[in-house]
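K.L.:
Just the structure for this:
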Amino acid sequence: MNQIIEVPPVYQEVNDKVVPGRKIRFVARIGYVNEYPAPVSKRRPVESFTTFK
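P.N.:
Next comes the predicted model:
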């Protein structure tokens, strides 16, 4: 979730609104929902990109 603080204009806007006078160091999304939406794209099976020797 740290992407937001890697984009300077977005970082500055969020920082000014959330913690004025201080610096955001880390952003994490924490919590649960009752139902998760269906994924936007299908997940590849692990076997499709791994090899075993």
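
K.L.:
so residue 43, which of the three states?
P.N.:
Taking DSSP: H, G, I helix; E, B strand; the rest coil as the rule, one finds residue 43 in the coil state.

K.L.:
number of nearby residues for it?
P.N.:
Counted by other Cβ atoms under 10 Å, the residues lying close to residue 43 total 7. Heads up, the C-betas are built off the backbone N, CA and C, glycines and all.

K.L.:
And residue 37, by the same measure?
P.N.:
Close neighbours of residue 37, defined as other Cβ under 10 Å, add up to 6.

K.L.:
Can you classify it as helix, strand or coil?
P.N.:
Residue 37, by the three-state scheme (three-state DSSP), is coil.

K.L.:
which phi and psi does it have?
P.N.:
Dihedral angles phi and psi of residue 37 (degrees, to the nearest 10) take the values phi -70, psi 160.

K.L.:
all helices in this structure, in order from the N-terminus.
P.N.:
Counting by DSSP state H, residue ranges of the helices within the chain are 8-18.

K.L.:
pLDDT weak spots in it?
P.N.:
Residues of the chain that meet the criterion pLDDT under 70 lie in 1-2.

K.L.:
Recalculate using a threshold of 80.
P.N.:
Low-confidence segments of the chain (pLDDT under 80): 1-5, 29, 39-43, 52-53.

K.L.:
Is it correct that residue 5 is in contact with residue 27?
P.N.:
Yes. Taking Cβ atoms under 8 Å as the contact criterion, residue 5 and residue 27 are neighbours in contact, 6.0 Å apart.
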